[in-house]
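*Asks:* Sequence plus predicted model, see below.
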Amino acid sequence: MDEALRKTLHRDTLAVREAVERSPYGENSEALYLTSGYVQPSAESAALRFAGDEEGFTYGRYGNPTTASFEQRLAALEGAEACMATASGMSAILLMCLGLLKAGDHVVCSQSMFGSTIKLIGSDLAKFGVESSFVPQTDVAAWKAALKPNTRLLFAETPTNPLTEVCDIAALADLAHNAGALLCVDNCFATPALQRPIALGADIVMHSGTKYLDGQGRVMAGALCASQEIVTGKFLPILKSAGMTLAPFNAWVMLKGLETLDIRMRAQSANALALAQWLEAHPAVARVFSPGLPSHPQHALAMRQQSGVGGAVLSFEVKASSPEQARARAFHVLDALRVLSLSTNLGDTKTLCAHPASTSHGRLTEAQRQAAGVGQGLVRVAVGLEHITDIQADLARGLDTLP
Ligand SMILES: *Cc1c(COP(=O)(O)O)cnc(C)c1O
């Protein structure tokens, strides 16, 4: 497709059309190139390609045409110049940190980020001399106060898992840039269907493709979207030596997932909003966390930042008088499910329910868990495409019969 025409196309069109050129066979669906190596046209070309002075694939760890199609398509949806796919969301974060940071550098993160992100940056990277501070997600003043002369990266996730806290991306981008740092946003929950952080000033968008990009719970994947300079200058050299490369088959699944991302996100978010309203009125529920609800503390910001849509993940707290009772009641609700899945994943067309305090946030210390606001009575629901009446009825099974 020529560049002039491509520039006129809408994102919906790019979601199904943007990819590397068709092979000479003219396949309509994107080709799946399962190959770990590539035959070189000449020794001279091979030398130039390995040196990065000629276009062309050399080895599976460095790149693959199917993976490149997924990278191009995701970059187009995020409005980024470039994208680098990785084997998982966590390996995308590792790649970003290895590419951008060195011993003595400092990172500021939200304290309510994904559990493994807190572990990776707060503990694992600390062993290599990377300092970190964790601040309340929604408090811009706290982000500002945490900045140090050696701060190189601000890392936010919005909405967060599992409490759906929303931060102001444009405000954090300004803070980062004034401090000479970069802002990365984990866009896993909103996806580019609802939220495009680069247009709001973020430098890097990180994805766990495992979630909504695939959308049907099949494979693991991750990605970093950024400028060409960051992707080829900072990330590619690390990918080549460290090898957190996305498998071509998984890239192909992602590529097909992106084609239906927009309609899935809108349909699942509509189900989530209806479920949130129903839960808010349920007598056994103490509180519902969902950006689509007017009761959400950052509702107005979320509507502005996320195309007027709250997203498909919500959490709710069962009423209880002690942490022990809260845990027992949350377990009761989960064990009563007969249609929905008890599963710690999210981003599937099947509704998935989980108890974050004992699973995704189970490896955190009690202090870290409390800072993240993940109590024992909290249940997370990643709402899928089942009929809303069936979703409500399945949760009512436990909520209406609490011990
Ligand atoms: C799942 C998840 C990750 C990690 O991604 P994996 O693909 O599981 O490695 C990071 N951030 C968020 C918000 C997630 O939900």
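*Replies:* Right, received. Where do you want to start?

*Asks:* What confidence value was assigned to the nearest residue to Leu182 once chain neighbours are set aside?
*Replies:* The shortest distance from Leu182 to any residue that is not its chain neighbour, by C-beta to C-beta, 6 or more residues apart in numbering, is 4.2 Å, and that residue is Asp203. Placement of C-beta: from N, CA and C, glycine included. With respect to pLDDT, Asp203 scores 98.

*Asks:* from what I can see Asp203 touches Cys184, true?
*Replies:* Yes - if you go by C-beta atoms under 8 Å, Asp203 and Cys184 touch, sitting 6.8 Å apart.

*Asks:* how about the residues of the stretch 201-350 of the chain near the ligand?
*Replies:* On the criterion C-beta under 6 Å from any ligand atom, the ligand has as its neighbours in the stretch 201-350 of the chain the residues Ser208, Thr210, Lys211, Met220, Gly222.

*Asks:* Swap in 8 Å and give it another go.
*Replies:* Residues of the stretch 201-350 of the chain that fall close to the ligand, judged by C-beta under 8 Å from any ligand atom: Met206, Ser208, Gly209, Thr210, Lys211, Met220, Ala221, Gly222, Asn345, Leu346, Gly347.

*Asks:* Go through those and flag which are in strands.
*Replies:* For these, membership in strands holds for Met206, Ser208, Gly222, with DSSP state E as the criterion.

*Asks:* Measure how buried the first one is and give me the count.
*Replies:* Residues within reach of Met206, counting by other C-beta atoms under 10 Å, total 25.

*Asks:* Name the nearest residue to whichever residue of the stretch 251-400 of the chain sits closest to the ligand, ignoring sequence neighbours.
*Replies:* Among all residues of the stretch 251-400 of the chain, Leu346 sits closest to the ligand, at 6.1 Å; criterion: C-beta to the nearest ligand atom. Taking C-beta to C-beta, 6+ apart as the measure, Leu346 lies nearest to Ala382, with 3.4 Å between them; neighbours along the chain are not counted.

*Asks:* quick check: mean pLDDT across the lengthiest helix in the chain?
*Replies:* What stands out as the longest helix in the chain, according to DSSP state H, is helix 261-280. Within the predicted structure, the mean pLDDT of helix 261-280 is 98.

*Asks:* Can you list the neighbours in contact with that helix?
*Replies:* Applying C-beta atoms under 8 Å, 6 or more residues apart in numbering, the external contacts of helix 261-280 come out as 11-12, 15, 77, 191-194, 212-213, 215, 285, 288, 290, 292-293, 295, 309-314, 316, 349, 381, 383-386, 388, 391-392, 395.

*Asks:* repeat for stretch 187-194
*Replies:* If you take C-beta under 8 Å, 6+ apart as the criterion, stretch 187-194 is touched by 11, 74, 77-79, 89, 114, 157-161, 164, 195, 197, 205-208, 211-213, 261-262, 264-266, 269, 306-307, 309, 311, 313, 347.

*Asks:* which among these end up buried?
*Replies:* When burial is judged by neighbour count using 16 or more other C-beta atoms under 10 Å, the buried members of the contacts of stretch 187-194 are 11, 74, 77-78, 89, 114, 157-161, 164, 195, 197, 205-208, 211-213, 261-262, 264-265, 269, 306-307, 309, 311, 313, 347.

*Asks:* Pull the number of nearby residues for Phe238.
*Replies:* Wrong residue type there; residue 238 is Ile, not Phe. When neighbours are defined as other C-beta under 10 Å, Ile238 has 18 of them.

*Asks:* Between Asp203 and Cys184, point out the one with more neighbours.
*Replies:* Neighbours of Asp203 and Cys184, each counted by other C-beta under 10 Å, are more numerous for Cys184; the result is 29 against 22.

*Asks:* With adjacent residues omitted, what lies nearest to that one?
*Replies:* With C-beta to C-beta, 6+ apart as the measure, Ile204 is the residue that lies nearest to Cys184, at 4.0 Å, once sequence neighbours are left out.

*Asks:* For that neighbour, give me its contacts.
*Replies:* Residues near Ile204 by C-beta under 8 Å, 6+ apart: Met96, Leu182, Leu183, Cys184, Val185, Leu224, Cys225, Ala226, Ile230.

*Asks:* let's see it at 7 Å
*Replies:* Under the criterion of C-beta atoms under 7 Å, 6 or more residues apart in numbering, the neighbours of Ile204 are Met96, Leu182, Cys184, Leu224, Cys225, Ala226, Ile230.

*Asks:* Check the spacing between it and Phe50 real quick.
*Replies:* 27 Å (C-beta to C-beta, to the nearest Å).

*Asks:* hmm, back to that, mind checking which of the contacts of helix 261-280 land in helices?
*Replies:* Secondary structure of the contacts of helix 261-280 is defined by DSSP H; positions in helices are Arg11, Asp12, Ala15, Leu77, Thr191, Pro192, Ala193, Leu194, Ile388, Ile391, Gln392, Leu395.

*Asks:* what about the fifth one, neighbour count?
*Replies:* What it means is Thr191. Other residues near Thr191 number 26, with proximity taken as other C-beta under 10 Å.

*Asks:* Setting aside sequence neighbours, what's the nearest residue to the residue nearest the centre of the chain?
*Replies:* Relative to the mean C-alpha position of the chain, the nearest C-alpha, by C-alpha atoms, centre = their mean, is the one of Cys188, at 1.9 Å. Distances taken as C-beta to C-beta, 6+ apart put Ser208 closest to Cys188, at 4.8 Å, once the chain neighbours are dropped.

*Asks:* so that neighbour makes contact with Gly222?
*Replies:* Yes - counting by C-beta atoms under 7 Å, Gly222 is a contact partner of Ser208 at 5.7 Å.

*Asks:* overlap in contacts of those two?
*Replies:* Counting by C-beta under 7 Å, 6+ apart, the common neighbours of Ser208 and Gly222 are Ser88, Gly89.
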